[in-house]
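Undergrad: Sequence and predicted structure below; questions after.
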Amino acid sequence: MNKPPKNIYFASDQHFGIPDSESSKLREKKFISWLDEVKNDAEAIFLLGDLFDFWFEYKTVVPKGFVRVLGKIAELRDSGIPIYFFVGNHDLWMVDYFEKELGIPVYHHPKEYEFEGKTFLIGHGDGLGPGDKGYKRMKKIFAHPLSKWFYRWVHPDIGVKLAQYLSTKNKLISGQEDIKFLGEENEWLAQYAKRKLEQKHYDYFLFGHRHLPMEIEVGKNSKYINTGDWISHFTYAVFDGKDLTLKTYQ
């Protein structure tokens, strides 16, 4: 008897923690319900960044909360399902907590994969392509080891509150100055994909960050797909071994 086909799932931009604890927990429970459904046929799960609206790893402390989603991810990983995490601009300061506690590899840059003969370039998407210049300058500062060292000296009760405030009030820091659809020719990540195709062919470019589910043809037999978010769209992508499609979780 043939085994049912396995799927690879991709989701991003849950931003748990905003706008407040109560509504965030409702979204967290919805995401956990989705994880419970996809675990039945998941070959792998890719989380493409900004799982939390803010995450900073002190040497002995991580942000309070998120026990439901962390517990569910741990359960799926312990069951043998590979899970991969790409940091976003809101969890930029993730270090090794996921790797040590959950057994989940963490990546800070886009990475190439091949599934069933199809080539993928996968990442969060912040700071890629033309534009977004203000955020790119900010990212260099925040990602610098010296910046992280200084921030660790700030007490977590102050540091977490400060970062949460800035992530919601300062769109330059968050890398989300404008989340309106810019048109297929003007979307930064679509332009980035087209430039990458000049060097090498990819069947799919798969990113988050824009908070807008979209699918754009960027070349011959090549697509850029954005996974949207779990704030207002509740969208994800799934690869069934032949095609990569966007879906909405109801």
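TA: Cool, got the structure. Remember, it's a predicted structure, so these values are computed and weren't measured experimentally.
Undergrad: how many other residues sit next to the closest residue in space to residue 250 that isn't next to it in sequence?
TA: Among residues not flanking residue 250 along the chain, residue 234 sits closest, at 7.8 Å (C-beta to C-beta, 6 or more residues apart in numbering). C-beta coordinates here come from the backbone N, C-alpha and C atoms, glycine included. Residue 234 is flanked by 19 other residues according to other C-beta atoms under 10 Å.
Undergrad: wait, residue 234 sits on residue 30?
TA: Yes. Contact criterion C-beta atoms under 8 Å: residue 234 and residue 30 qualify, at 6.8 Å.
Undergrad: Mutual contacts of the two, please.
TA: Taking C-beta atoms under 8 Å, 6 or more residues apart in numbering as the criterion, residue 234 and residue 30 both touch residue 249.
Undergrad: if we can go back for a sec, residues in contact with the residue nearest to residue 250?
TA: If you count contacts by C-beta under 8 Å, 6+ apart, then residue 234 has 30, 228, 248-250 around it.
Undergrad: For this protein, which helix or strand comes out least confident on mean pLDDT?
TA: Of all helical and strand segments in the chain, the minimum by mean pLDDT, DSSP states H and E falls on helix 171-174, at a mean of 50.
Undergrad: what about the strands in this protein?
TA: 7-11, 42-47, 83-86, 106-107, 111-115, 118-122, 204-207, 213-219, 222-227, 235-239, 244-248 (DSSP state E).
Undergrad: now these in a markdown table, with mean neighbour count, mean pLDDT and distance to residue 17?
TA: Putting those into a markdown table (neighbours: other C-beta atoms under 10 Å; pLDDT from 0 to 100; distance: least, C-beta to C-beta, whole Å) gives the following:
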| stretch | mean neighbour count | mean pLDDT | distance to residue 17 |
| --- | --- | --- | --- |
| strand 7-11 | 23 | 98 | 17 |
| strand 42-47 | 21 | 98 | 15 |
| strand 83-86 | 22 | 98 | 17 |
| strand 106-107 | 17 | 96 | 19 |
| strand 111-115 | 13 | 98 | 26 |
| strand 118-122 | 19 | 98 | 24 |
| strand 204-207 | 27 | 98 | 22 |
| strand 213-219 | 17 | 97 | 22 |
| strand 222-227 | 24 | 98 | 19 |
| strand 235-239 | 22 | 98 | 20 |
| strand 244-248 | 14 | 98 | 23 |
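Undergrad: What's the local residue count around residue 209?
TA: Residue 209: 28 neighbours (other C-beta under 10 Å).
Undergrad: Next one: the closest residue in space to it that isn't next to it in sequence from residue 228, what distance?
TA: Excluding the flanking residues, the one nearest residue 209 by C-beta to C-beta, 6+ apart is residue 125, at 3.6 Å. In this structure, residue 125 and residue 228 are 12 Å apart, going by C-beta to C-beta, to the nearest Å.
Undergrad: Filter the contacts of residue 234 down to the buried ones and hand me the PyMOL line.
TA: Typed into PyMOL, the next command selects the buried ones out of those (criterion: 16 or more other C-beta atoms under 10 Å):
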select buried, resi 228
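Undergrad: Among the contacts of residue 234, name the ones in helices.
TA: The members of the contacts of residue 234 that map onto helices under DSSP state H are residue 30.
Undergrad: Closest one of the contacts of residue 234 to residue 114?
TA: Ranked by distance to residue 114 (C-beta to C-beta), the contacts of residue 234 are led by residue 228 at 24.3 Å.
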